[in-house]
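A.B. asks: Okay, here's the prediction I keep looking at, along with the sequence it came from:
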Amino acid sequence: MKNVLLYGEFNPKSTTGIAYINSNLESSLKYLGYEVTKIIDPRTKDYFKNERIIKKNLNKNEFFKLFFILMFSKKHEISFITISMGNFGLLKTVIVQFFLNIKSKRSYLYVHRGDLNKNYNSSIYKKAIISLILRSSFKVILLSEKFQKNNTIKQIKNKILVLPNALNKYDSELSQRLFNKKIKRKNEGYKIIKFLYCGNIQKSKGIHKIIKAIDETNKQNNIYKIKLDIFGMKFEEIN
């Protein structure tokens with residue numbers, strides 16, 4: 001039987017975007033006939049605490065346990081890992097990927113990040129570590145072509161697969177057409193337009209800009225009002 005080793009966050013203990021992706025990946029691989037082994041990222045422990053604001057911890061003991069689990073796991077056909085962009089997160093990704101390369105024939109890297117290009121060029125340390133992670137992967141799955149166009153790493157030229165994010169040019173143009181058709185028409189009869197934000201509640205996700213934009217829109221028109229519901233893990237205070 002074909003088998004696969006998945007490392008990362010999973011629903012329901014984590015409600016991040018990558019946990020959603022990993023959980024769907026698990027279901028899809030099972031449907032395709034794979035035997036799936038999950039290894040949970042220790043950072044999930046921080047997300048499942050009853051705290052008002054989520055704080056990231058090193059979870060040293062959990063990571064030591066993780067390395068022993070990886071060392072004694074059986075050989076798999078393929079493995080999947082995602083990349084963490086913090087200084088410690090990148091180091092963690094390198095170490096875990098090293099074990100996955102030993103414990104699987106082909107190791108896939110999925111980059112569920114829109115800021116890969118920005119982080120890669122932010123420091124010599126990050127450029128070196130990210131390059132190492134990309135080169136060590138059997139295949140690299142990106143959300144856009146931006147990184148590939150702006151950076152040249154010869155060893156990954158034939159490894160990259162692009163899986164476009166929802167915020168690509170085509171989807172943006174489609175959204176604009178829907179906006180012009182549905183929202184700009186004054187006699188549509190819609191008084192309240194409801195939006196739902198699902199994601200980590202933190203500045204890097206753009207939540208403050210979203211709130212400001214909706215607030216400004218509501219102030220500047222009397223045709224409709226926008227109502228925003230926010231759902232996600234809280235990493236910072238929000239007004």
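C.D. replies: Received it, and whenever you're ready, just let me know what you need. Nothing here was measured: the structure is a model prediction, and the numbers come from that model. Numbers count the residues shown, from 1 in each chain.

A.B. asks: Determine how far the last residue of stretch 197-207 lies from the first.
C.D. replies: 8 Å (C-alpha to C-alpha, to the nearest Å).

A.B. asks: Quick check: closest non-adjacent residue to residue 98.
C.D. replies: Of all residues not flanking residue 98 in the chain, residue 136 sits nearest, at 7.5 Å (C-beta to C-beta, 6 or more residues apart in numbering). In this view, the C-beta of every residue, glycine as well, is placed from N, C-alpha and C.

A.B. asks: if I look at the one you found, how far off is residue 102?
C.D. replies: 11 Å (C-beta to C-beta, to the nearest Å).

A.B. asks: Looking at the two, which one has more neighbours?
C.D. replies: residue 136 (18 against 13; other C-beta atoms under 10 Å).

A.B. asks: quick one: pLDDT of the closest residue to residue 151 other than its chain neighbours?
C.D. replies: Excluding the flanking residues, the one nearest residue 151 by C-beta to C-beta, 6+ apart is residue 120, at 6.3 Å. At residue 120, the model reports a pLDDT of 92.

A.B. asks: Now for residue 120: which residues touch it?
C.D. replies: Residues counted as contacts of residue 120 (C-beta atoms under 8 Å, 6 or more residues apart in numbering) are 126, 127, 130, 131, 147, 151.

A.B. asks: so which one among those residues has the lowest pLDDT?
C.D. replies: Ranking the contacts of residue 120 by pLDDT puts residue 151 at the bottom, with 79.

A.B. asks: burial of that residue, as a residue count?
C.D. replies: Using other C-beta under 10 Å, the number of residues around residue 151 comes to 16.

A.B. asks: what do you get for the one 10 residues further on?
C.D. replies: When neighbours are defined as other C-beta under 10 Å, residue 161 has 10 of them.

A.B. asks: do residue 203 as well
C.D. replies: Counted with other C-beta under 10 Å, residues neighbouring residue 203 total 12.

A.B. asks: With adjacent residues omitted, what lies nearest to it?
C.D. replies: The spatial neighbour of residue 203 that comes closest, neighbours along the chain excluded (C-beta to C-beta, 6+ apart), is residue 236 at 6.7 Å.
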